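sequence plus predicted model, see below.
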Amino acid sequence: MEKRQQLYAGKAKSVYHTSDPERMILHFRDDTSAFDGERMESLARKGMVNNKFNAFIMQKLEAAGIPTHFDGLFSDTECVVKKLEMIPVECVVRNIAAGSLVRRLGVEEGIELNPPTFELFLKNDAQHDPMINESLAESFGWATPEQLAEMKRLTFRVNDVLKALFADGGLLLVDYKLEFGLFDGEIVLGDEFSPDGCRLWDAKTREKLDKDRFRQGLGGVIEAYEEVGRRIGVDFG
Ligand code: ADP
Ligand code: UDP
């Protein structure tokens, strides 16, 4: 399979056509963004670390029966994926309160959420990814009720698999964001799962080991991503 012209350059990844019309290449760049792209920085090794981290997680999810777009690695910073018709809705599950939930509700960071919460956000940087609900998604045609139900079911399945995987590495999966798309009419997990799109804390010290290190200017961002990867068994080569 050959890499062809670029289709799209997002904030952290670029997407390329391939010689197979049903496959694309995702290139994980070193670019790091926060606050809807207001803050951008290049962090050495990030593209490679997130590409390999994502490949490891996608393979674990696939093995657990969750359909994903992941086909295989293409290079240190690239992977081959199924070309999806993306649904512009982000699914967020939270096990512990942090981030926008704390800001929105004024609750204390770190409280356990039992049962875990499920939220939907519209993928729209210009509007700062506003929170939406099933009714709005249906009325505006972003997703059907059946698609939303399947996205919710799969997002919670991911929680079962990954909470246990990270717990084995002494880590708490605080929250995470997933994006889905359609492939032959089926809901498939797309985009990426890496410390850029989730929160991970050390289970004992509650040290932040995810993108909050970048958002909060704590430093050691990529070192933390590598530490998390090492603890769950990712091979960075
Ligand atoms: P953003 O668009 O939010 O700046 P990225 O820099 O991560 O994000 O760009 C990657 C883009 O590729 C995203 O818009 C994402 O929705 C899209 N994407 C991810 N996986 C697939 C896929 N399998 N098929 C089509 N598009 C995808
Ligand atoms: N998230 C993401 N992309 C977004 C919004 C959120 O990957 O556009 C992730 C974020 O990293 C966190 C979870 O989704 O793991 C919940 O994010 P939250 O709503 O708390 O927003 P934030 O604090 O990032 O503004």
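The structure has been received and is ready for your questions. Ligands and ions are numbered 1, 2, ... in the order given.

so which bits of stretch 76-93 are buried?
Residues 77-84, 87-93 are the ones in stretch 76-93 that count as buried (16 or more other CB atoms under 10 Å). Using the backbone N, CA and C atoms, a C-beta is placed for each residue, glycine as well.

wait, which of these is closest to Lys46?
Thr77 (9.2 Å; CB to CB).

quick one: contacts for the closest one?
His27, Phe28, Arg29, Gly47, Met48, Asn51 (CB atoms under 8 Å, 6 or more residues apart in numbering).

quick one: Leu178 is in a strand?
Yes - under DSSP: H, G, I helix; E, B strand; the rest coil, Leu178 sits within a strand.

which residue sits closest to it, ignoring its sequence neighbours?
Nearest residue to Leu178, sequence neighbours excluded (CB to CB, 6 or more residues apart in numbering): Cys91, at 4.8 Å.

need the contact list for the one you found.
With contact set as CB under 8 Å, 6+ apart, Cys91 has these partners: Phe118, Glu119, Leu120, Met151, Lys152, Thr155, Lys177, Leu178, Glu179, Phe180.

try it again with 6 Å
Cys91 makes contacts with Met151, Thr155, Leu178, as judged by CB atoms under 6 Å, 6 or more residues apart in numbering.

may I ask which helix or strand encompasses the second one?
Thr155 is located in helix 145-168, with elements delineated by DSSP states H and E.

try Gly181
In the assignment (DSSP H and E), Gly181 maps to strand 171-183.

buried stuff in that strand?
By 16+ other CB under 10 Å, the buried positions in strand 171-183 come out as Leu171, Leu172, Leu173, Val174, Asp175, Tyr176, Lys177, Leu178, Glu179, Phe180, Gly181, Phe183.

wasn't Asp210 part of a strand?
No - counting by three-state DSSP, Asp210 falls outside a strand, being coil.

my guess is it meets Arg199, correct?
Yes - with contact defined as CB atoms under 6 Å, Asp210 counts as touching Arg199 (4.9 Å).

tell me which of the two has more neighbours.
Asp210 (25 against 21; other CB atoms under 10 Å).
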